[in-house]
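Q: Sequence first, then the predicted structure, then my questions.
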Amino acid sequence: MTTSAAETPTGLDDEAVLLVGHGSRREKSNEQVRQLAADMETRLGVPTDAGFLELAEPAIGEAIAGLAPTVSTVTVVQLSLFAASHVKNDVPLAVERARSAHDVTVNSGAHLGVHPALVDLLDDRAGAVEAELGVDRETDDVAVVLCARGSSDPDANADAHKLARLLYEGRAFERVEAGFVGVTEPELPDTLHALAKHRPDAVVVLPYMLGDGVLTGRVRDQTAAFDDQYPYVTAGAGDPLGTDSRLLDVLGDRWQEARTDSVDMSCDTCKYKVELDGYEEDLGGARAMLRAVTHHESHADRGDVDEDPHSHDAPEKHVAVCTNQTCAADGAPAVLERLRQAARDSEACDARVTRSSCLGRCGEGPMVAVYPDGVWYGDVAESDADRIVSSHVDRDRIVSDLVDQTL
């Protein structure tokens, strides 16, 4: 699905979009995010700002604080390629803190992920390199390496391989392999050397990165070194994704998913949900959330959302209910509605009760988190909702028998 300005749904006068990038010390990379935000605004017909996880301003909380006084809904869309720790931990944490600080609905969208528009974009990038090298995949043996950054999350690395396979399917490439700049294997030089054994006529290396920075430079240098080392193979590296309009196709889809509560997370192979060989200690997600909190605090010098001039409009507490795949199957929607009803019935309650995306405690839900207290309740039944509101929300008395963890 591609969203254009002509197809923009009605009723958007009170909505804004926040495009979240990682942030870089290179202002050129940050400007790329801002340019994509401007292009999204034109495409969607919805006010769109840029925000950053780190290293650039405004931070996510600051950006939402700036939008909150003018709209009732902010939809966060992530300019991240794969679902690693930033997508699963850091951005959700920042969003939850913003929800607790501002009386505004915040929809949380997914990352770019694996999308047909990205496959088409990579195909064009490969074609440009073929033209530079003077080869044609229809008549020459052309191999391709999709080179991603690399992650400690198996989901992210697996998606790089999936994207490489989709680029191979239906096209005349001799083979398409995935490689990485670092963190995991196979690293790019190893992938290139392995391909050389098949003696292709040419190797096209595609940096699977958004901006043209340090990592893309490393990809080009390693490709050039390979080209010098193997005179019987010609090799060249392509350009990163940049601000190609096909990124807007993907971002438009992610926006629609977020605002219609249809975001899909990669739960089936998430290391926080299922026990994967080599990642057993990550099961449950507590360590991930603690890492996210620590990561957030390390960038506290950019300002505290609690000091925002609009924070006085925020409720005293924010109750978030995980309604992702596993918790929903265990009855989270009923818990959510009962909490909302209990909050409405209480004369002392000063809280917002909202749905949340995955809280990283799959199999122990439904999960209910109370902020700013940092108390998480697990295995919550509909019948427990009144106790959470009357004891914790109204009187600051933790319901100890339901506590899953505290942060």
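A: Sure thing, it's come through. Numbers count the residues shown, from 1 in each chain.
Q: can you tell me the helix or strand for Ala38?
A: Taking DSSP states H and E as the criterion, Ala38 maps to helix 27-44.
Q: Figure out how far that helix is from the centre of its chain.
A: 17 Å (CA atoms, centre = their mean, to the nearest Å).
Q: Can you name every helix or strand that that helix contacts?
A: If you count contacts as 3 or more CB pairs under 8 Å, 6 or more residues apart in numbering; DSSP states H and E, helix 27-44 packs onto strand 15-21, strand 48-52, helix 245-259. In short, each C-beta sits where N, CA and C put it, glycine included.
Q: Could I have the CA atoms of the second one written out in CSV?
A: Just to be clear, that refers to strand 48-52. In CSV, the C-alpha atoms belonging to strand 48-52 read as follows (Å, rounded to 0.1, in the frame of the first residue of the first chain):
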residue,chain,number,x,y,z
THR,A,48,5.4,16.3,10.1
ASP,A,49,8.3,17.0,12.4
ALA,A,50,11.7,15.2,12.8
GLY,A,51,13.0,14.0,16.1
PHE,A,52,16.1,12.0,17.2
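Q: the inter-axis angle of it versus strand 15-21?
A: Strand 48-52 runs at 30 degrees relative to strand 15-21, counting by axes from the mean of the first three to the mean of the last three CA atoms, to 10 degrees.
Q: What of the longest one?
A: Orientation note: helix 245-259 sits at an angle of 120 degrees relative to strand 15-21 (the same axes, to 10 degrees).
Q: If you count neighbours, what's buried in helix 245-259?
A: Using 16 or more other CB atoms under 10 Å as the burial criterion, the residues of helix 245-259 that qualify are 246-259.
Q: nearest residue to Phe82 other than its sequence neighbours?
A: Excluding its sequence neighbours, the residue lying closest to Phe82 (CB to CB, 6 or more residues apart in numbering) is Ala156, at 3.7 Å.
Q: avg pLDDT for the strand or helix carrying Ala65?
A: Applying DSSP H and E as the criterion places Ala65 in helix 60-67. Helix 60-67 shows a mean pLDDT of 95.
Q: From the contact counts, what lies against that helix?
A: Counting by 3+ CB pairs under 8 Å, 6+ apart, helix 60-67 packs on strand 15-21, strand 48-52, strand 73-78, helix 91-101.
Q: Repeat the analysis, applying 7 Å as the threshold.
A: Applying 3 or more CB pairs under 7 Å, 6 or more residues apart in numbering; DSSP states H and E, we find helix 60-67 packed against strand 15-21, strand 48-52, helix 91-101.
Q: what is the mean pLDDT for the second one?
A: What it means is strand 48-52. For strand 48-52, mean pLDDT is 96.
Q: so the residue lying closest to Ser100 once chain neighbours are set aside is in which element?
A: Computed as CB to CB, 6+ apart, the closest residue to Ser100 that is not its neighbour in sequence is His318, at 3.4 Å. Using DSSP H and E, His318 maps to strand 317-322.
Q: For that strand, which strands pair with it and how are they oriented?
A: strand 351-356 (parallel), strand 368-371 (antiparallel) (DSSP bridges).
Q: The helix or strand just after the last one pairs with which strands?
A: If I follow you right, that is strand 368-371. Once the chain leaves strand 368-371, the next helix or strand it forms, by DSSP H and E, is strand 375-377. Sheet pairing for strand 375-377, assigned by DSSP bridges, gives strand 368-371 (antiparallel), strand 403-406 (antiparallel).
Q: Lowest average confidence across the ones you listed, which one?
A: Mean pLDDT across the strands paired with strand 375-377 is lowest at strand 403-406; the value there is a mean of 84.
Q: Can you list the buried residues in it?
A: Asp404, Gln405.
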